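Asks: Build the 3D model from these lines:
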Amino acid sequence: METKYDIMVLLSGPEPQRNLLEHKLIKELHYYEGSVLLVKGIIENKQTKSRTGNLTIYNYMTSKAIEKAINSSKLIICRSGYTTVMDLTKLGKKAFFIPTPGQFEQEYLAERLSNLHLAPFCNQEHFNATQLKRIIQFKGLDMQYNTPDLEVLFSLFLK
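Replies: Numbering: from 1, shown residues only. Predicted coordinates for the structure are as follows:
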């Protein structure tokens, strides 16, 4: 897809951590020179959209709209939950992870992906926009997946 956003922020997680990260990212990305899409991850009766400078902010998006937005974004800033990591890997995206404080599996995944030089991460309290410059040192999550040869795989059961 054609690139529409330089950065997409996909927020999720339990309160108050989701809200704390939202405010921090809005403050930090307000002066970012590229286009930013921020999805708050708050399901409400009506979808809302607002613009503030370079920021386009939605309260939520449908799964299809999120997929389209991810595909039209250069970089995704998000939590490092397992499902999110797998989705971004399938889509071959560059990501910057901010694990939810106290979510040890997210902290582990973010650190592991950083050690593999696939995606940088930063703890929520230490994040600032200059951290994003580190992305050029990482390969991204574009991992090739080869469909297994099912005939060979299931030949074990043919005896």
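Asks: Could I get the phi/psi values of the most centrally placed residue in the chain?
Replies: Nearest to the mean C-alpha position of the chain, by Cα atoms, centre = their mean, lies Cys78 at 3.5 Å. Backbone torsions of Cys78, given as degrees, to the nearest 10, read phi -160, psi 180.
Asks: do the same with Asn54
Replies: phi -90, psi 0.
Asks: That one touches Val36, doesn't it?
Replies: Yes: between Asn54 and Val36 a contact is recorded at 5.6 Å, counting by Cβ atoms under 8 Å. To be clear about C-beta, it is placed using only N, CA and C from the backbone, and glycine gets the same treatment.
Asks: Touching both of those two, which residues are there?
Replies: By the contact definition Cβ atoms under 8 Å, 6 or more residues apart in numbering, Asn54 and Val36 are jointly contacted by Leu29.
Asks: What segments of the protein are strands?
Replies: Applying DSSP state E to the chain gives strands spanning 5-10, 36-39, 49-52, 55-58, 73-78, 94-97.
Asks: now these as CSV including mean pLDDT and distance to Leu21?
Replies: Shown next, in CSV, are the strands of the chain (pLDDT from 0 to 100; distance: least, Cβ to Cβ, whole Å):
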stretch, mean pLDDT, distance to Leu21
strand 5-10, 97, 9
strand 36-39, 97, 11
strand 49-52, 94, 17
strand 55-58, 96, 14
strand 73-78, 97, 9
strand 94-97, 97, 12
